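Student: starting from these lines, generate the structure:
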Amino acid sequence: MGSGKIYYVYDDEDPVVSVEININSFFSDAIIFNDYMVIGNYCEGIYLISLIDHSVRNIKIRGYFAYFEIDKDVLYVLGCNNVIAFNSDLELKWESDNLAEDGVVCDSIEDDIMTISCEMNPPGGWIERKLSLVEGKIIDE
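Tutor: Predicted coordinates for the structure are as follows:
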């Protein structure tokens, strides 16, 4: 007890939910997305905490969590190998195939295309790819 990182959800000034995650993680982040607090944590995946009924769901992901991107009311979870898209109700929209060996980084989002850097041969060995945000597939140019 007491060795983790704690996130709180407040109703005005009163805490109504607290979530403790492992602090021994490389990547962790928390955001508010629509009616949810979403916490990503390295090997634990992502936690979805409803701001309405305070329910908590944990979604495991392939590899590790790295960070979030949001565009057009879609939440993208980027990790070790791939990208996962969730709609505005945090239902799975699509999950890409493996894109990298050790990290996917969003460089930009324009129209329905995410330009990503993918580490193929760690350390270093980054390549650029374009990902369709409609279906989660690599776009061949």
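Student: which strand residues bridge the residue nearest to Leu90 when sequence neighbours are not counted?
Tutor: Excluding the flanking residues, the one nearest Leu90 by C-beta to C-beta, 6 or more residues apart in numbering is Leu48, at 5.4 Å. Every residue, glycine included, has its C-beta placed from N, CA and C. Here Leu48 shows beta-bridge partners Val38, Arg57, assigned using DSSP bridges.
Student: contact partners for Leu48?
Tutor: Neighbour list for Leu48: 36-38, 56-59, 90 [criterion: C-beta atoms under 8 Å, 6 or more residues apart in numbering].
Student: in JSON lines: those, plus neighbour count and distance to Ile139.
Tutor: Output for these, formatted as JSON lines (neighbours: other C-beta atoms under 10 Å; distance: C-beta to C-beta, whole Å):
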{"residue": "Tyr36", "neighbour count": "22", "distance to Ile139": "30"}
{"residue": "Met37", "neighbour count": "20", "distance to Ile139": "33"}
{"residue": "Val38", "neighbour count": "21", "distance to Ile139": "27"}
{"residue": "Val56", "neighbour count": "12", "distance to Ile139": "36"}
{"residue": "Arg57", "neighbour count": "12", "distance to Ile139": "31"}
{"residue": "Asn58", "neighbour count": "12", "distance to Ile139": "32"}
{"residue": "Ile59", "neighbour count": "17", "distance to Ile139": "26"}
{"residue": "Leu90", "neighbour count": "18", "distance to Ile139": "26"}
